[in-house]
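Colleague: Take a look and give me a structure for this.
(chains A and B)
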Amino acid sequence: MGVKTLIIDGQELSARAGQTILEVARENDINIPTLCHLEGLSNVGACRLCLVEIKGSNKLLPACVANIHEGMEVVTNSERLKKHRRVILELLFAERNHICAVCVSNGHCELQALAQEQGLTHINLPYRNPALTVDASHERFTVDHNRCILCMRCVRACAEIEGAHIWDVMGRGIDSIVITDLHEEWGSSACTRCGKCVQCCPTGALFDKSKIGSDHPKYPDFLPYLNLMREAR
Amino acid sequence: MTIEELEQVAKSVCQENDKYDFEVNVCMDLACMSQGADRLRDALEKAAGASGKNILVRRTGCMGPCSSGPLVRVDPEEHLYHHVKADNADAIVASLGGPPVPELQCDLNDHFDRQVRVVLENAGHIDPEKIDDYIGRDGYKALLTALTEMTPNGVIHRITESGLRGRGGGGYPTGLKWGTVAKASGELKYVVCNGDEGDPGAFMDRSVMEGDPHRVIEGMAIAAYAVGASKGFIYVRAEYPVAVSRLTTAIREARRRGLLGNGICNTPFNFDVEIRLGAGAFVCGEETALLASIEGKRGTPRPRPPYPAVSGLFGKPTLINNVETFANIAPIVRNGGKWFANMGSERSKGTKVFALTGKIANTGLVEVPMGIKLREIIEVIGGGVPDGHQFKAVQTGGPSGGCIPAEMLDLGVSYDALMAVGSIMGSGGMIVMDDTSCMVNVAKFFVEFCMTESCGKCIPCRAGTAQMFTLLTRICDGKGTMDDLDLLISLCETIKETSLCGLGMTAPNPVLSTIKYFRNEYIEHIVHKRCPAGVCNIEAPAAVSAEVLA
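Modeller: Below is the predicted model of the structure:
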């Protein structure tokens, strides 16, 4: 493994070959917004918030999956990127029914935090207000599809970490929805009740029934630790 | 099978054909079949048997002008008959050896004269289910020549020299792609043929697979030899049952002849092909989604790099090309790269098959040299817009392409020229629109297609196409504002730059190109609440009473 040098936002940095742009940026306290990325899970490059500019190329690259190479110059916060990030967040807020005031995750929500960080003050796009269901059949957890942003963290956590793979996606495009088993109720699915998916969910879509009001912080930090301990065995 | 044996078969095919005084070729492409070509063929065979003349009735692939079907060509005189019914069979058979049947004669000289047929050279001349017919027209010669006389590098060099670029729409240089896969390390490599043609109004690949399936298989085998692969997959959409059945027959016959399998032509080269069926998702035409689908997973794209050339099917180096790209390989290997590079324009070589549809006289399949003017394709080959209507725009590249207005008809068709005017080459669909089409409505139609076909993985495409559709619906309903138009443009830019795969990146093209070239139609809808073409159903604004005004 060689060492490479690169420039991110004007800072000269060194990194190990094979690292992603996001890893290098985070090691050096450079903030790149992410939503579908979660340390400890595989990367899918789906939320497009971590897109960065590479000097000499017109194409934007997702920092979570793009590997660094020698001498590359990365820009993470140009006006063009900021505009795209705001539009993407707007698209998410307008897609389903995100009403912070009545959400268990109010104050602990990654989507909400990103909107504040990116200076999103209002939504220009028309709200779609889809009629979506809530599945409260599980004895411990609830899934509220109105708040789901389809980041697929639950799908990956269940398949990759827990090994149960009860979560998956049904339908396509704007009609996509996360389902348990073959679209069974969560309560009667093969769920192991481990709760990893709930801790990984960035919004209030998956939540613990014992939490009320907006007292539901989530702690997904155990994932990288779990992976490390598994590797060590 | 060796080259000598191949030549022996070709010779016997010629001798067999020489036994007949006349050949009656019936187009059995899907378009002609739907107009009764199978009944026609039965009638012709019956009439031929009863006539006592020495006649061969042969079913063939697509002859081209589908709107004139069912088509029949009589050889050696090369009389082309159109709109032939089963009742006409006796008249055609009776006319053999004498003057043609006047009321059925089809005068499409302009249509055919400007075309150059490379990919479609056999379509209309061979029976797609008979491997001997294909061998009789130099089939599999290129494969056996490559195996016995050329090195894999030599084959790649020849393809590079030809300047062939990917015919699926991206236009990536084929030789370069082959070279990358050849250099990728790994014992096991795959060759995949993308036959998931999903663009509305496009049927080039279907016609090639139905009319000349062996050509695709031969191209794949040559590619496999060049890159060091031993296994191939043809991914065909399940909506093409005839193509699937003809490919299945073709693969079986090629195996029987020893042209697929182990030790082809007594060399150590092994190659076999399997068919995989798509399940109706447009996005599976995107290469990484297609590979995921073959692996049995949900057909969603993944970020590249790594490119399939390095890590593709089951994580192995994979060469993936379109049907038409593979169909070009055998003639290039046979005739040399320079022969191919002599056709076409500066940076787009060879010929391109287009599916002409929409408001045009000669709907069907055409093959033209690259660089030909759009005007020539539409007005001469296509026969222009029928019924006295005015040409308005031509849409190239399917739902991801843009609409090109009348002022730009003198544009030479090439990858770069089409890109420069905000459209794309795409796989080759060409939809002609006349003055009865509303461009806002057309944009809405294509955006709706992209919306329902988006896989839903990345946000810009999933939610963005739905928002574009909402905004366009508002404008079409006469409820849009100028702010909506600005919002739409801003949204398009983000979707274009941030989407994960080609579907999302190109989904705004129909919107942006219609706003660019037909902005006045948008303004009419928004400001004057009227649809100039009379397509959109806009309710008249409620009459404002005098009291309110006062």
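Colleague: going forward, measure contacts and count neighbours with C-alpha atoms only.
Modeller: Fine.
Colleague: so where is chain A shaky, pLDDT-wise?
Modeller: Applying pLDDT under 70 to chain A picks out residues A:1.
Colleague: Get me the contact residues on it for chain B.
Modeller: Counting by Cα under 8 Å from any Cα of the partner chain, the residues of chain A lying close to chain B are A:44-48, A:51, A:59-60, A:65-66, A:84, A:87-88, A:91-92, A:95, A:124-126, A:150, A:172-176.
Colleague: In helices, which of these fall?
Modeller: Mapping the residues of chain A next to chain B onto helices (DSSP state H) picks out A:His84, A:Val87, A:Ile88, A:Leu91, A:Leu92, A:Glu95.
Colleague: Quick check, the fifth one in contact with B:Pro460.
Modeller: No - A:Leu92 lies out of contact with B:Pro460 (Cα atoms under 8 Å); the separation is 9.0 Å.
Colleague: if we can go back for a sec, could you pick out the buried ones from the residues of chain A next to chain B?
Modeller: Buried by 16 or more other Cα atoms under 10 Å in any protein chain shown: A:44-48, A:51, A:60, A:65-66, A:84, A:87-88, A:91-92, A:95, A:125, A:150, A:172-174, A:176, out of the residues of chain A next to chain B.
Colleague: how near is B:Val181 to chain A?
Modeller: To chain A, B:Val181 is 21 Å away according to Cα to the nearest Cα, to the nearest Å.
Colleague: pLDDT value on that residue, please?
Modeller: pLDDT for B:Val181: 97.
Colleague: Return the backbone torsion pair for B:Thr318.
Modeller: Backbone torsions for B:Thr318, taken as degrees, to the nearest 10, come to phi -130, psi 130.
Colleague: measure stretch B:381-401 end to end?
Modeller: Using Cα to Cα, to the nearest Å, the end-to-end distance of stretch B:381-401 comes out at 21 Å.
Colleague: Tell me the buried residues in it?
Modeller: Across stretch B:381-401, burial judged by 16+ other Cα under 10 Å covers B:381-385, B:391-401.
Colleague: can you put the ones in helices among the residues of chain A next to chain B in CSV and add distance to A:Thr20?
Modeller: Listed next are these as CSV, based on distance: Cα to Cα, whole Å:
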residue, distance to A:Thr20
A:His84, 21
A:Val87, 25
A:Ile88, 22
A:Leu91, 27
A:Leu92, 26
A:Glu95, 30
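Colleague: circling back to that earlier point, of all pairs in the buried residues of stretch B:381-401, which one is the farthest apart?
Modeller: B:Gly383 and B:Ser400 (25.6 Å; Cα to Cα).
Colleague: quick one: contacts for the closest residue to chain B within chain A?
Modeller: Residue nearest to chain B within chain A (Cα to the nearest Cα): A:Gly173, separated by 3.7 Å. For A:Gly173, the contact set (Cα atoms under 8 Å, 6 or more residues apart in numbering or on different chains) comprises B:Met451, B:Thr452, B:Glu453, B:Ser454, B:Cys455, B:Gly456, B:Lys457, B:Cys461, B:Arg462, B:Ala463.
Colleague: Not counting sequence-adjacent ones, nearest residue to it?
Modeller: Computed as Cα to Cα, 6 or more residues apart in numbering or on different chains, the closest residue to A:Gly173 that is not its neighbour in sequence is B:Gly456, at 3.7 Å.
Colleague: my guess is that neighbour contacts A:Ser176, does it?
Modeller: Yes - using Cα under 8 Å, B:Gly456 is in contact with A:Ser176, at 6.1 Å.
Colleague: Quickly list what B:Lys352 is bridged to.
Modeller: Beta-bridge pairing of B:Lys352 under DSSP bridges involves B:Val368.
Colleague: Get me the contact residues on the stretch 201-350 of chain B for chain A.
Modeller: Counting by Cα under 8 Å from any Cα, the stretch 201-350 of chain B comes close to chain A at B:Arg302, B:Pro303, B:Pro305.
Colleague: Report the buried members of those.
Modeller: If we count by 16+ other Cα under 10 Å, those have these buried: B:Arg302, B:Pro303.
Colleague: Would you format the residues of the stretch 201-350 of chain B next to chain A as TSV with pLDDT included?
Modeller: TSV is the format used below for those (pLDDT from 0 to 100):
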residue	pLDDT
B:Arg302	94
B:Pro303	93
B:Pro305	88
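Colleague: And the helices in chain A?
Modeller: So, for chain A - with DSSP H - the helices run A:21-27, A:79-95, A:110-117, A:153-156, A:196-200, A:222-232.
Colleague: so what secondary structure elements neighbour the fourth one?
Modeller: This means helix A:153-156. Other elements packing on helix A:153-156 under the criterion 3 or more Cα pairs under 8 Å, 6 or more residues apart in numbering or on different chains; DSSP states H and E are strand A:167-170, helix A:196-200.
Colleague: what does stretch B:394-409 rub up against?
Modeller: B:169, B:199-202, B:373-375, B:391-393, B:421-433, B:446-447, B:449-450, B:503, B:506-514, B:517.
Colleague: just checking, which of the residues you listed belong to helices?
Modeller: The helices, defined by DSSP H, take in B:374-375, B:446-447, B:449-450, B:503, B:506, B:509-514, B:517 from these.
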